[in-house]
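Colleague: Turn this into a structure:
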Amino acid sequence: MLAAIDWAEFLPTLLAMLAAGLFAGFAAGIFGIGGGFVVVPALYAIFTVLGGDPSVTTHVAIGTSLGTIIVTSLRSVQAHAKRGAVDFEVLKTWAPWIVLGVLLGLVLAKSVDGKSLTLIFAIGVFIMGLYMMFGKAGAIKVSDTMPTGWLRAALATFVGSFASLMGIGGGTFAILVMTLFGKSIHSAIATAAGFGFIIAIPGAIGFMIIGQGVEGLPPGSVGYVNIIGLVAITAMTALTAPAGAFVAHKMNPALLKRVFATYLLFTTGVMFVDAYNARMSAPSQETPYLAEAATLEHFESAVSERNYRALSGAPPEEGLSYYGPPQDHADNGGALD
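Modeller: So this is what the prediction gives:
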């Protein structure tokens, strides 16, 4: 059930989401990516500034990003298909393994905490930033034909799992793989947009499901998908994804790739710092009762009955009264020794 929202107070956040959507849509069209590299950091920053619960902020950013990629990728692949650049045979044969990978990614996302997920995303963005800054698609070719059999299954499963775990469309991975195996850069970009669509549908639904019942979610969320962010961002990406696809077919995007890579590397730095600060500020979980029980007077409030025997070695029937007032010890036969 969606929480009530003060729209006057929420307006700056909504404007920030709309701006992120404009940029994400253009990036999706020109680079063949789902826009997750833009949307996830933007939503992460927005929810953090709003004072969101750090334990769920990254999960919500990733889940919402996957929801936006459904529309972004669909619009992008439609625009590329009009130019005959999409290889639908590749999409059809890779789809089952991609979906399997998405399911594996959801299992991992459910089992890791917010700080760990932030680090995973930051590492992935760092790698992609370096690739976009210094890599050259098509510079190395492994084969003239796309992989089949176990290699196709392994590559598609990896793309699906890592993309869903990071909240991205997997376009950058897909472009790299397809250019290594003989696809032209324009065909790779166009087909990669279809990969994003295949990844995003089960991914978004899965994040809605695994986020059910979680506390601390931002207003307007269903599970780990924020509906307000989803609607605001997809409204903008639907407008700008075709424009990005048009630019991709009219110019060399090398300079734009480097500008985008700079953004990715900067984002990586911010997220690494945030994750490090969160870990440093987290209270230690190592035997808290020992830290609190500095004196015998504090012992009874710091140690539970179930921890007592392991800590003191005393028989369980003596319980915490073993450390009680002197008169209690007299009843049990005397002194503490």
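Colleague: quick one: contacts for residue 276?
Modeller: Residue 276 makes no contacts at all, as judged by Cβ atoms under 8 Å, 6 or more residues apart in numbering. No exception for glycine: its C-beta is placed from N, CA and C like everyone else's.
Colleague: in the stretch 1-150 of the chain, which ranges drop under the pLDDT threshold?
Modeller: Scanning the stretch 1-150 of the chain with the threshold set as pLDDT under 70 gives 1-10, 28-29, 31-35, 50, 114, 135-141.
Colleague: now the helices: where do they sit in it?
Modeller: In the stretch 1-150 of the chain, the segments counted as helices under DSSP state H, counting those that start in this stretch are 7-31, 36-49, 54-81, 88-111, 114-134, 149-166.
Colleague: Distance check, residue 15 against residue 236.
Modeller: Remark: distance between residue 15 and residue 236 (Cβ to Cβ, to the nearest Å) = 11 Å.
Colleague: typed the wrong thing, it's residue 161
Modeller: Distance from residue 161 to residue 236, counting by Cβ to Cβ: 28 Å.
Colleague: now residue 148
Modeller: The gap separating residue 148 from residue 236 is 39 Å, by Cβ to Cβ.
Colleague: what about the two, which has more around it?
Modeller: residue 236 (23 against 9; other Cβ atoms under 10 Å).
Colleague: any idea of the pLDDT on that one?
Modeller: pLDDT recorded at residue 236 is 84.
Colleague: Could you number the chain from 503 rather than 1 from now on?
Modeller: Sure thing, new numbering starts at 503, so read that last one as residue 738.
Colleague: secondary structure element for it?
Modeller: Taking DSSP states H and E as the definition, one finds residue 738 inside helix 729-750.
Colleague: and that helix, which residues are buried?
Modeller: 730-740, 742-744, 746-747, 750 (16 or more other Cβ atoms under 10 Å).
Colleague: what angle do it and helix 509-533 make?
Modeller: Orientation check (axes from the mean of the first three to the mean of the last three Cα atoms, to 10 degrees): helix 729-750 against helix 509-533 gives 30 degrees.
Colleague: Show me what helix 729-750 is packed up against.
Modeller: helix 509-533, helix 538-551, helix 556-583, helix 687-712 (3 or more Cβ pairs under 8 Å, 6 or more residues apart in numbering; DSSP states H and E).
Colleague: rerun that using 6 Å as the cut-off
Modeller: Using 3 or more Cβ pairs under 6 Å, 6 or more residues apart in numbering; DSSP states H and E as the contact test, the elements touching helix 729-750 are helix 509-533, helix 556-583.
Colleague: Give me the angle between the shortest one and helix 687-712.
Modeller: Orientation check (the same axes, to 10 degrees): helix 509-533 against helix 687-712 gives 150 degrees.
Colleague: Give me the buried positions along helix 509-533.
Modeller: 515-516, 518-519, 522-533.
Colleague: what about the spatially closest residue to residue 736 that is not a sequence neighbour, how many neighbours?
Modeller: The shortest distance from residue 736 to any non-neighbouring residue, by Cβ to Cβ, 6 or more residues apart in numbering, is to residue 573 (4.1 Å). For residue 573, the count of nearby residues is 25 (other Cβ under 10 Å).
Colleague: Where do the domain boundaries of the protein fall?
Modeller: Using automatic domain parsing, the domain ranges for the chain come out as 511-783, 790-833.
Colleague: residues making contact with stretch 688-695?
Modeller: Identification of contacts with stretch 688-695 by Cβ atoms under 6 Å, 6 or more residues apart in numbering yields 534, 575, 578-579, 582, 587-589, 592, 673, 676-677, 680-681.
Colleague: tell me the mean pLDDT over that stretch?
Modeller: pLDDT averaged over stretch 688-695 gives 83.
Colleague: repeat for stretch 747-757
Modeller: 70.
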